[in-house]
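Sharing a model prediction with you, sequence too.
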Amino acid sequence: MYRLISVIFIFSIFSLCEAQNSIIRDVTVKDLKTRIESPSDTVYVVNFWATWCQPCVKEIPEFNKIPNFYRQRPVKVIMANLDFANQKEQRVVPFIKDNKITHEVIMTITPRGGEWIESIDKSWSGAIPATIIWHKGKYYFHEGETDYIKIKEWIESLL
Amino acid sequence: MKKILILSLLIFTLVNFVATAQLKPGDKAPGFKLKNIDNSWVSLSDYHKEKGIILIFTCNHCPYAKLYESRIIELQKEFGPKGFPVVAINPNDSTLFEEDSFSNMISNAAEKGFNFPYLLDDENLFKAYGASRTPHVFLLKNESKYFSVAYIGAIDDYPQDIKDVKVHYVANAIESLLKNKMPEIKETKAIGCSIKYKE
C-alpha cells in the first residue's frame, strides 16, 4: 500500500513538473531587458530563437549544457522564443513537449517594427539565432550560431 | 617582422570589416551579373533606364521570406511600371539548404507566380551588400552613372499579416524618390532567417 502511495506521489510530482514546463510566460522585450539588466550577481544568457529557425533548433542542446552555476555564480538561461505570439499553443507548446529544453522558455512579445532589435544590440541585424550574455552591467552579443564552448568563453570574458 | 605582423593583422581586420559591414544609405551599390531562373544573365547595368531597383535578398525555405512572397509580387505590380522593378536574389548555399537550390527556385517561382527575376547568388554578392537575413531589401536609386542605396531593411512593419501593416517602408521610400525626395525612413530592422553559407 505504502509502495503504491509513494509511486502515485512520485508520479504526480513528475506530472506537476511537466505541467510547469509547458507554461510559457509572455514577456515583453522591455521586461526582459529590465530583468537581465537589473543589478545582481546572476549571469544572464538569453538566446533568441524560433521553432521555424533550423540553426536555432540545432543549437538548443548546446544551451541545455549550460549549468545553473558557473564559478560560484548563478547562471540563468532564458530561451526567448520569437514565433508569432498567436502561434504559442499551436507551435511552441507542442515543440517544447517534443524537444528537450532544460532552461526557461519565454514568448518574447515584440513591439511593431524593428526598433526593439537595436535596443538589444546596435549590431544585431535581426537574423536569428542571436545570443546576449549580461553580467553586472557588462554584456556580450553574438549574431549567428554558437556552441557551449563559445558561450563559456563569453561568460568567462564578463566575470 | 613585428611591423609585418601588425600590418597583416591590420589588413586582416580591415578585410574582415569590409566583408561583413552592411552598406549604408547613400553608398554606391555594388554591381552584379547573376543567373536568373530562366537561365538568362541579369546584371545591375541592365537596369540603367529604370529609376531604381527594389533589390531583395530572399529565399524559398525561410518562413519570413514565404510570408512576403505575395507582397513582393504586389510591389512589382505597383512599382515595376513606375520605374522601380523588383530583382530578387537567393543568397543561400543549397548544399546547406536543399530547398534553396536553383531547381527549387524555378519551381517555387512558377508555383507562386513570381513576376520578377529570381537570381542565384553563387558569388557571395550578399557579402558586398552586407545582407544578413532573408528577406533583406536594398532599394537602389539610379544616379545615371551608378546606383546608390536609398533604403535598407524590411518591406513593412508587420510580417505576420499584411492586413495589419501600418507602415509600408519600401512603398513609402519609393513614393518619396518619385517626388525627388529622399526617404524619411532610410533604414529598418526586422527578424528574419540568417543567410546560410559556408564560412
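Great, that's in hand.

A:Ile117 contacts B:Gly192, correct?
No - counting by C-beta atoms under 8 Å, no contact exists between A:Ile117 and B:Gly192, whose distance comes to 10.2 Å. Glycine gets a C-beta too; all of them are placed from N, C-alpha and C.

Among these two, which residue is more densely surrounded?
Neighbour count, other C-beta atoms under 10 Å in any protein chain shown: between A:Ile117 and B:Gly192, B:Gly192 has more, with 27 against 21.

how near is that one to chain A?
To chain A, B:Gly192 is 6 Å away according to C-beta to the nearest C-beta, to the nearest Å.

Spit out the contact partners of that residue.
By C-beta atoms under 8 Å, 6 or more residues apart in numbering or on different chains, the residues touching B:Gly192 are A:125-128, B:62, B:64-65, B:133-136.

let's go with 7 Å and repeat that
For B:Gly192, the residues meeting the contact criterion (C-beta atoms under 7 Å, 6 or more residues apart in numbering or on different chains) are A:126-127, B:62, B:64, B:133-136.

what distance separates the start and the end of stretch A:51-71?
Its first and final residues considered, stretch A:51-71 spans 32 Å by C-alpha to C-alpha, to the nearest Å.

List, one by one, the residues from chain A near chain B.
Proximity of chain A to chain B is assessed by C-beta under 7 Å from any C-beta of the partner chain, with A:52-53, A:55, A:82, A:84, A:112-114, A:117-118, A:125-128, A:144 identified as the residues in range.

at 8 Å instead, please
Residues of chain A lying close to chain B (C-beta under 8 Å from any C-beta of the partner chain) are A:50, A:52-53, A:55, A:82, A:84, A:86, A:110, A:112-115, A:117-118, A:124-129, A:143-145.

just checking, which of the residues you listed belong to strands?
A:127-128, A:143 (DSSP state E).

Name whatever forms a beta bridge with the residue nearest the centre of chain B.
If you average the C-alpha coordinates of chain B and look for the closest C-alpha using C-alpha atoms, centre = their mean, you land on B:Ile56, 2.9 Å from that point. With DSSP bridges as the criterion, B:Ile56 is bridged to B:Ala88, B:Val137.

Tell me who's in contact with it.
B:72, B:86-89, B:135-138, B:155.

Apply 7 Å and report the result again.
If you count contacts by C-beta under 7 Å, 6+ apart, B:Ile56 has them with B:72, B:86, B:88, B:135, B:137.

Output those in JSON lines; the columns should cover neighbour count.
Compiled in JSON lines, the contacts of B:Ile56 are given as follows (neighbours: other C-beta atoms under 10 Å in any protein chain shown):
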{"residue": "B:Ile72", "neighbour count": "24"}
{"residue": "B:Val86", "neighbour count": "24"}
{"residue": "B:Ala88", "neighbour count": "25"}
{"residue": "B:Pro135", "neighbour count": "26"}
{"residue": "B:Val137", "neighbour count": "25"}
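
With respect to chain A, which of the residues you listed is nearest?
When these are ranked by distance to chain A (C-beta to the nearest C-beta), B:Pro135 comes first, at 10.7 Å.

Need the nearest residue in space to the closest one, chain neighbours excluded.
Nearest residue to B:Pro135, sequence neighbours excluded (C-beta to C-beta, 6 or more residues apart in numbering or on different chains): B:Thr58, at 4.3 Å.

is it true that that neighbour touches B:Thr134?
Yes - here B:Thr58 lies in contact with B:Thr134, judged by C-beta atoms under 7 Å, at a distance of 4.9 Å.

Skipping its backbone neighbours, what lies nearest B:Val170 in space?
Counting by C-beta to C-beta, 6+ apart, the nearest residue to B:Val170 once its immediate chain neighbours are dropped is B:Ile155, at 5.0 Å.

any shared contact partners between B:Thr58 and B:Thr134?
Common neighbours of B:Thr58 and B:Thr134, counting by C-beta under 7 Å, 6+ apart, are B:Ala65.

so who does A:Val105 touch?
With contact taken as C-beta under 7 Å, 6+ apart, A:Val105 is in contact with A:24, A:79, A:81, A:96.

please redo it, this time with the cut-off set to 8 Å
Taking C-beta under 8 Å, 6+ apart as the definition of contact, the neighbours of A:Val105 are A:24, A:79, A:81, A:92, A:96.

what two of these are the furthest from one another?
A:Met79 and A:Val92 (10.3 Å; C-beta to C-beta).

could you pull out the strands for chain B?
For chain B, the strands defined by DSSP E occupy B:33-36, B:41-43, B:52-57, B:86-90, B:118-120, B:133-134, B:136-142, B:147-153, B:192-194.

can you list those in JSON lines and add distance to B:Phe126 and mean pLDDT?
As requested, those are arranged in JSON lines below (distance: least, C-beta to C-beta, whole Å; pLDDT from 0 to 100):
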{"stretch": "strand B:33-36", "distance to B:Phe126": "11", "mean pLDDT": "98"}
{"stretch": "strand B:41-43", "distance to B:Phe126": "16", "mean pLDDT": "98"}
{"stretch": "strand B:52-57", "distance to B:Phe126": "5", "mean pLDDT": "98"}
{"stretch": "strand B:86-90", "distance to B:Phe126": "7", "mean pLDDT": "98"}
{"stretch": "strand B:118-120", "distance to B:Phe126": "11", "mean pLDDT": "98"}
{"stretch": "strand B:133-134", "distance to B:Phe126": "9", "mean pLDDT": "96"}
{"stretch": "strand B:136-142", "distance to B:Phe126": "8", "mean pLDDT": "98"}
{"stretch": "strand B:147-153", "distance to B:Phe126": "13", "mean pLDDT": "98"}
{"stretch": "strand B:192-194", "distance to B:Phe126": "11", "mean pLDDT": "94"}
